[in-house]
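S.K.: take this sequence and fold it.
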Amino acid sequence: MKIVKNREDGQLMKILIAEDDYVNRRFLFKFFSQYGDCDMVVNGEEAVSAVMFSLEEDEPYDLICLDIMMPKLDGLKSLKMISSIEKDNSINKDKLSKKFVITALDNAKDVQKAFELG
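M.R.: Residues are numbered from 1 along each chain as shown. Predicted coordinates:
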């Protein structure tokens, strides 16, 4: 397995995977592990908590992958909350985590909403 150092400081990226489906979560973990250290959570509430904890520890995520349909708090609401938390913590624009959502749904409205939320 090839490990790529992608951050300016030469460190591995810190990646958060929020996916409730076990098979998809394992696939994403296997894929992203070659680019950095991955943490996995199974719902949106855990994703938000993980981001808050990472900021408290001064080890923010570089990349956040959110499934749209998750229990407790869906990916779009999680995305909105995470973006708000980063803003409230005055994270410089160039240091914001890169966020993206994934879905098995064929719903253009959800995709557009994700772009609007950041």
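
S.K.: now the residue nearest the centre of the chain, what's its secondary structure?
M.R.: Most central in the chain under CA atoms, centre = their mean is I64, positioned 1.6 Å from the mean C-alpha point. Following DSSP: H, G, I helix; E, B strand; the rest coil, we place I64 in the strand state.

S.K.: so it versus T103, what's the distance?
M.R.: According to CB to CB, to the nearest Å, I64 and T103 sit 15 Å apart. C-beta: built from backbone N, CA, C; applies to glycine.

S.K.: over to Q34?
M.R.: Taking CB to CB, one finds Q34 at 23 Å from T103.

S.K.: again with R25
M.R.: Applying CB to CB, the value for R25 to T103 is 14 Å.

S.K.: same check, this time on M69
M.R.: 7 Å.

S.K.: of those two, which one has the most company?
M.R.: More crowded of M69 and T103, by other CB atoms under 10 Å: M69, with 18 against 15.

S.K.: contacting residues for that one?
M.R.: M69 makes contact with D20, G75, T103, A104, L105, according to CB atoms under 8 Å, 6 or more residues apart in numbering.
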